[in-house]
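Colleague: What follows is a predicted structure for the sequence shown.
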Amino acid sequence: MNSNNCPCGRVKPYESCCGIMHQDISMAKTAEDLMRSRYVAFTKGDGDYLMQSHHSSTRPNPEKEEIEKWAKSVKWKGLEVIGSTKGTENDTEGTVEFKAFFKELGRKKVIHENSKFVLEYGVWVYLGKVNT
């Protein structure tokens with residue numbers, strides 16, 4: 001991956017990709033946009049954005065500092081989007097399945113999740129894992 005590209009995996013600079021969404025969450029036009037911007041927020045340890053982009057009913061406010069600390073303690077290695085359902089500009093909900101790769105204490109690890117996203121107050125937010 002070109003080091004000038006956004007950590008989300010898209011072939012454009014952070015400033016014109018997830019950086020736009022980190023400045024204004026309403027710029028996430030699809031569930032996948034929001035998921036990618038959340039991954040990048042993890043790579044930057046941006047707990048404020050992680051809380052803002054989390055649905056109000058499932059937002060882990062008390063754990064914000066722990067989440068930031070953990071996110072900064074691991075080495076993020078990449079994101080793979082496996083697929084999605086709905087979640088377009090014309091939808092009010094959708095899912096995105098992804099793998100987020102990282103190294104923790106020298107060991108390669110992966111978060112494999114199918115995430116549910118919904119519109120809340122007109123912006124995409126993460127609701128939680130899809131129950132399988």
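Modeller: Sure, I can see it.

Colleague: so what secondary structure elements neighbour the lengthiest strand in the chain?
Modeller: Using DSSP state E to define each element, the chain has its longest strand at strand 107-120. Packing partners of strand 107-120 (3 or more Cβ pairs under 8 Å, 6 or more residues apart in numbering; DSSP states H and E): helix 31-44, strand 93-104, strand 123-129. Bear in mind the C-beta positions are built from the backbone N, C-alpha and C, glycine included.

Colleague: what pLDDT, on average, does whichever helix or strand comes after the first one get?
Modeller: Per DSSP states H and E, the first helix or strand lying C-terminal to helix 31-44 is helix 47-52. Averaged over helix 47-52, pLDDT sits at 97.

Colleague: Could you report the separation of the residue nearest the centre of the chain from residue 21?
Modeller: Residue closest to the mean C-alpha point of the chain, counted by Cα atoms, centre = their mean, is residue 38 at 2.1 Å. Distance, residue 38 to residue 21, by Cβ to Cβ, to the nearest Å: 9 Å.

Colleague: And stretch 119-132, how far out from the chain middle?
Modeller: How far stretch 119-132 lies from its chain's middle: 11 Å, per Cα atoms, centre = their mean, to the nearest Å.

Colleague: Same check on stretch 29-37?
Modeller: With Cα atoms, centre = their mean, you get 7 Å for stretch 29-37.

Colleague: who touches residue 87 in this structure?
Modeller: Neighbouring residues of residue 87 by Cβ atoms under 8 Å, 6 or more residues apart in numbering: 30, 31, 32, 93, 94, 95, 96, 117, 124.

Colleague: Tell me the pLDDT of it.
Modeller: 97.

Colleague: quick revisit: ok, which pair from the contacts of residue 87 is furthest apart?
Modeller: 32 and 93 (13.0 Å; Cβ to Cβ).

Colleague: The two: which has the busier surroundings?
Modeller: Remark: of residue 32 and residue 93, residue 32 carries more neighbours, 21 against 14, as counted by other Cβ atoms under 10 Å.
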